[in-house]
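**Student:** model the following, please.
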Amino acid sequence: MGHAVEMPGCELVRLARFGFTQKDLVGVPPGPSLSRSGQGPPELSDRRTQRSGLALVAPVALALAACGGSESIAVPTPSTGSVRITTSTTGENLDPDGYAVTVDGATPRAMGVSDTVTISQLSAGNHLITLNQVALNCAVGGLNPRTLGVSADDTTPSDFAVRCAKDGPVLPQTVYIWTGGTSSQNVMIASLAGIVNRNTSGELLLSPLGSRALPHPVFWLDQLLAAHPEVQTQSAGDPSFFIGRYKSMLSGYVLYDRAVNAHSINVATSIAGVTSAIIVDPATLSYAAAANLPLVADARSMTYSQVYAQYGSQFNRTMLFHHGTSFDETLKDYAVMNKGFVFYTDPTALSPFAANQVHQGRVYGWGTSEYDLFAQASQNNQQIVAGDWTWSSSTTARWNVPLAPQAYHPPTTIATEAGKHYVAFVMSDGDNVSSLTGAWATDPRWFGSPYRGTFDMSWDLSSTLAEVNPVAFNYYYQHASSGAHKDNFISAHGAGTLFPSQYPDNAGLVASISQSIKLADQRVISILDPSYDTTTLYPILADPQIIGMMFKTYDAGYRGRDGALDWHNGKPILSVKYSLWDGIQSAREIADALNVSPHRDGVHDPASYSIVNVHPWSTAGPTGTGSGNPMSNLHQLVLWLDSTKVSVVTIEELMVHLRKHFGTSP
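**Tutor:** Numbering: from 1, shown residues only. From the prediction side, this is the model:
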C-alpha cells in the first residue's frame, strides 16, 4: 500500500488545483464510471477506472476559499452523459459466456444474457453501441450496431433483445388464434397480443379463419406450419378465454373512448405498452371487470403531451408510431410489444417527439402528407416504415426463423452482348411493410403475377420486413424465379424511407444502410430524394457489398434526372430514365422509346443502360387507356421490345455490366 505524505490542508488543496488526481489526495473518495445490475459476469477490461478531475472542482473551490485563496474556480456545467444498456435473452441453448458490449469500438465490457450495464462519462453527442460475441444460434433484434444520442447529465437507455435456438428456429409450441370480434374486442385483444408475444415466441395471432388467404395473417401461419408441422394451433373467438389464459402477464387495464376523445385510443396504446395493461373502451370494460383487473390509467381526457411527460422515460427510443385514430387492431399490437409511443397529427408534425428518439430509429405508420412525413423524419434522423395496415406483426416478429438468402446473384464474369441497350424493370414501394405482408405476395398485380418468371424483374424490398415478419421475408426469396429469367431484390432505402440530403447524421445513416443490406443479402440500393446531393450519397457507396445505386427524384414519376449516370470510386449511380406510371408513361411509350434509342453498345457507350421504375398502384392498360395492372403491362411491354436491340436484365446484372466496362469490376 502506498504512503501518503502529510501536508498542511491548504498546501494539499493548492497541489490539487495544479493537476494532482484523487489518488494523490487524502480523504477524497474516487467515483466509479461504470455501474451494473443483474447477474452478468464482470467486465472484460480492468475494473479500475480513471478518476475525473471534475469531481474535485467543487471541494477544491470550497477549500481554496477556506484557505483564503484569491483565485476563483468556475464549476463547469456537465458535458457528459451515460448510456444504460440492457440485455434480455429468450429461447434455448443460451450462451453461458454472455456477450460483450462496446461503445465507439473501445474496450469491450462483458454482459450477461439478462443484464444491465451503465456506462458513464460519455461526451454529449452520438455514440455507436455494438453487442458482440453473440452465439451463432442467437439473433439480436433491431439495429446492431446502433447509434445513440447522449445528452449531457442524462442517461440514454438501449435494450438488446436476443433470441436463441437450440437446434433451429425459436418457435411457439402452440399458436392461439383470435378469430376476430367487434371493433372494440379486436383493439383489446391486439393490446393483449403485444404483451403476450413480448413474453413468448409469438403464440397469440390475430386473424379470422373464414379465409386463409392474404391479407389475413393466418396465411403466414400456414407458411410456418408447412415448414414446421410440430407447431400446434388452437383458435377461439371468446375474449375471456385469452384474458383468462394470460391474466398473469397483465397489470390491469387502460380506459379509452374514441367517442369522447378520438386520440385516447393512441394514448391508451402508449400507456399499455409500458405498463403491460390491456386497453378497453366502455364496450369491453366488462371483460376487465370480470377478470378483476385494476384500472391503470384513464386515457379519455389525456393529451399526447401529458402521457409523454408522465411515461416518456419508459418509451422505446428506437421506435415511434404515427398511427391514425380510426384504425382498430392493426399496428397496435406491435407498438405495445415494443413499448412504443403512439400519436397522430394532422397536418403531419413529428416533432417534438421524433427529436427525442435515437438516431436511425424507425417511425412506423403513415401521415397526411407523404413528403412531410419523409422530410420531417429525415430531419430528425429517423426512417419511415409504412405500416398502418400491418396485422398481428407482434406475433410474426417473434417467429425466429433463419433468413433465406437471395436465390441468385449474377456472376461478375457474365458476358455483355454487343449492340444491345440494357434495361431493368424495378417495382417501387417495397418499403411498404403493410403491402409486403398483405396481398402483395399473392395478388396477380404484383409478386403473385402469372407473368413473373417470363422476364427478368427487380423488386424494392425493405430489410425491416425481416424483423416484422421473417416468414414473409423468406417467402419472397424462396419463391423468387431463378430459372431462365430471374427475380432480384434491392434495398428500398435501407431500413426505412428517408431523404439522405436532409438527414444530418450521414455517418449513422451509412452504418444503418450497411447493416440493412447485409441482413437482407442485397447488393443494390434504391434511394429517393428531392435533391441530388453527392456529399450524402457517395459515402453510402463505400460499403463493399453495395455494387451500385438506383436514384429516384421526388418528382416526374421518379425520373427527374432523365437517366443521368454518375460514378464514385468506380461504382455507378444510375437515375431512373422511364416510369411506367399512370399519367407519366405507358408501356407502349416506353417500348417505343427503347426500340429507337441510338444507344445500343453496352461495351463502349454508358448511355446504353436504363432503369424503368414500375409504379405498383397504376390501373390503366398498356397504352395508357382501359384497365390493366403493372405486371400485365410489363408483360406486354416486353413483347413490344425488339429483342435484337434491347436486353431485359435485373438491376443487379445491369450494374455488373456497367462496372465491368466503365467503372471497377465488382
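**Student:** E589 - that's part of a helix, no?
**Tutor:** Yes: E589: assigned to a helix according to DSSP: H, G, I helix; E, B strand; the rest coil.
**Student:** isn't it up against G624?
**Tutor:** Yes: with contacts counted by C-beta atoms under 8 Å, E589 reaches G624, the gap being 7.5 Å. (Each C-beta comes from the backbone N, C-alpha and C, glycine too.)
**Student:** just the element for the closest residue to Y558 other than its chain neighbours, please.
**Tutor:** Excluding the flanking residues, the one nearest Y558 by C-beta to C-beta, 6 or more residues apart in numbering is K552, at 3.7 Å. Using DSSP states H and E, K552 falls within strand 548-553.
**Student:** equivalent analysis for Q376, please.
**Tutor:** helix 370-379.
**Student:** hmm, who's touching that helix?
**Tutor:** Contacts to helix 370-379, defined as C-beta atoms under 8 Å, 6 or more residues apart in numbering, come from residues 322, 347-351, 354, 363, 366-367, 383-384, 496-500, 502-504, 528, 530, 554.
**Student:** go through stretch 272-288 and flag the buried ones.
**Tutor:** By neighbour count, and taking 16 or more other C-beta atoms under 10 Å as the criterion, the buried residues in stretch 272-288 are 272-281, 284-285, 287-288.
**Student:** picking that back up, let me see the mean pLDDT of whichever helix or strand comes after the helix holding Q376.
**Tutor:** Using DSSP H and E, the helix or strand that follows helix 370-379 in sequence is strand 382-386. Strand 382-386 shows a mean pLDDT of 98.
**Student:** who are the packing partners of strand 382-386?
**Tutor:** With contacts taken as 3 or more C-beta pairs under 8 Å, 6 or more residues apart in numbering; DSSP states H and E, strand 382-386 sits against strand 361-365, helix 370-379, helix 433-436.
**Student:** for the top helix by length along the chain, what is the average pLDDT?
**Tutor:** Criterion DSSP state H: the longest helix present in the chain is helix 183-199. The pLDDT scores in helix 183-199 average 97.
**Student:** count the neighbours of the residue lying closest to P666 once chain neighbours are set aside for me.
**Tutor:** Excluding the flanking residues, the one nearest P666 by C-beta to C-beta, 6+ apart is I547, at 4.4 Å. I547 has 25 neighbours, counted by other C-beta atoms under 10 Å.
**Student:** so where's this protein uncertain?
**Tutor:** 1-78, 91, 136-137, 139, 141-143, 165-168 (pLDDT under 70).
**Student:** need the single longest strand in it, by residues.
**Tutor:** strand 80-91 (DSSP state E).
**Student:** each with direction, which strands does it pair with?
**Tutor:** Applying DSSP bridges, strand 80-91 is found paired with strand 115-123 (antiparallel), strand 155-164 (parallel).
**Student:** rebuild these as TSV, extending it with distance to H409 and mean neighbour count.
**Tutor:** As requested, the strands paired with strand 80-91 are arranged in TSV below (distance: least, C-beta to C-beta, whole Å; neighbours: other C-beta atoms under 10 Å):
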stretch	distance to H409	mean neighbour count
strand 115-123	39	19
strand 155-164	28	19
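**Student:** go through these and name the closest to N595.
**Tutor:** Counting by C-beta to C-beta, N595 lies closest to strand 155-164 out of the strands paired with strand 80-91; the figure is 52.4 Å.
**Student:** for the closest one, list the C-alpha coordinates in PDB.
**Tutor:** The C-alpha trace of strand 155-164 is given here as PDB (Å, rounded to 0.1, in the frame of the first residue of the first chain):
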ATOM      1  CA  THR A 155     -28.900   8.600 -19.200                       C
ATOM      2  CA  THR A 156     -30.000   7.100 -22.500                       C
ATOM      3  CA  PRO A 157     -31.400   3.600 -22.400                       C
ATOM      4  CA  SER A 158     -30.700   0.900 -25.000                       C
ATOM      5  CA  ASP A 159     -32.200  -2.500 -24.900                       C
ATOM      6  CA  PHE A 160     -30.900  -5.500 -26.800                       C
ATOM      7  CA  ALA A 161     -33.400  -8.400 -27.200                       C
ATOM      8  CA  VAL A 162     -31.700 -11.600 -28.200                       C
ATOM      9  CA  ARG A 163     -33.400 -14.900 -29.200                       C
ATOM     10  CA  CYS A 164     -31.500 -18.200 -29.200                       C
END
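**Student:** buried residues, the helix or strand that that strand is followed by. List them.
**Tutor:** Per DSSP H and E, the first helix or strand lying C-terminal to strand 155-164 is strand 174-178. For strand 174-178, the neighbour count (16+ other C-beta under 10 Å) marks 175-178 as buried.
**Student:** likewise for stretch 415-424?
**Tutor:** Quick answer for stretch 415-424 (16+ other C-beta under 10 Å): 416, 420-424.
**Student:** try stretch 513-526
**Tutor:** Neighbour-count burial for stretch 513-526 [16+ other C-beta under 10 Å]: 513-517, 519-526.
**Student:** now go through those residues and say which are in strands.
**Tutor:** 524-526.
**Student:** just give me the neighbour total for the residue nearest to Y558.
**Tutor:** K552, neighbours per other C-beta under 10 Å, totals 24.
**Student:** of the ones in strands among the buried residues of stretch 513-526, closest to I119?
**Tutor:** I525 (32.7 Å).
**Student:** now the strands for the stretch 451-600 of the chain?
**Tutor:** Ranges of strands within the stretch 451-600 of the chain are 457-461, 487-492, 524-529, 548-553, 565-568, 571-575, 578-580, based on DSSP state E, counting those that start in this stretch.
**Student:** as CSV, those strands with distance to W440 would be great.
**Tutor:** Shown next, in CSV, are the strands of the stretch 451-600 of the chain (distance: least, C-beta to C-beta, whole Å):
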stretch, distance to W440
strand 457-461, 10
strand 487-492, 13
strand 524-529, 17
strand 548-553, 19
strand 565-568, 30
strand 571-575, 25
strand 578-580, 17
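**Student:** so which of those strands is nearest I85?
**Tutor:** Short answer: strand 487-492, nearest of the strands of the stretch 451-600 of the chain by C-beta to C-beta, at 28.1 Å.
**Student:** and that closest one with strand 524-529, angle?
**Tutor:** 40 degrees (axes from the mean of the first three to the mean of the last three C-alpha atoms, to 10 degrees).
**Student:** check which helices and strands strand 487-492 sits against.
**Tutor:** strand 457-461, helix 506-520, strand 524-529, helix 651-662.
**Student:** can you say which of the ones you listed is packed in most?
**Tutor:** The highest mean neighbour count among those, using mean count of other C-beta atoms under 10 Å, belongs to strand 457-461: a mean of 26.
**Student:** note down every partner strand of it and its orientation.
**Tutor:** When DSSP bridges is applied, strand 457-461 pairs with strand 421-427 (parallel), strand 487-492 (parallel).
**Student:** just put the ones you listed in a markdown table and tack on distance to M188.
**Tutor:** Formatted as a markdown table, those follow (distance: least, C-beta to C-beta, whole Å):
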| stretch | distance to M188 |
| --- | --- |
| strand 421-427 | 37 |
| strand 487-492 | 34 |
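**Student:** which one of those lies nearest to I195?
**Tutor:** Using C-beta to C-beta, the strands paired with strand 457-461 put strand 487-492 closest to I195, at 30.7 Å.
**Student:** and the angle from that closest one to strand 548-553?
**Tutor:** Using the same axes, to 10 degrees: strand 487-492 against strand 548-553 is 60 degrees.
**Student:** tell me which residues of strand 487-492 come out buried.
**Tutor:** For strand 487-492, by 16+ other C-beta under 10 Å, it's 487-492.
**Student:** same question, stretch 237-250
**Tutor:** Quick answer for stretch 237-250 (16+ other C-beta under 10 Å): 239, 242-243, 246, 250.
**Student:** that older thread, turn the helices and strands packed on strand 487-492 into a markdown table, including distance to D328.
**Tutor:** Formatted as a markdown table, these follow (distance: least, C-beta to C-beta, whole Å):
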| stretch | distance to D328 |
| --- | --- |
| strand 457-461 | 28 |
| helix 506-520 | 31 |
| strand 524-529 | 30 |
| helix 651-662 | 38 |
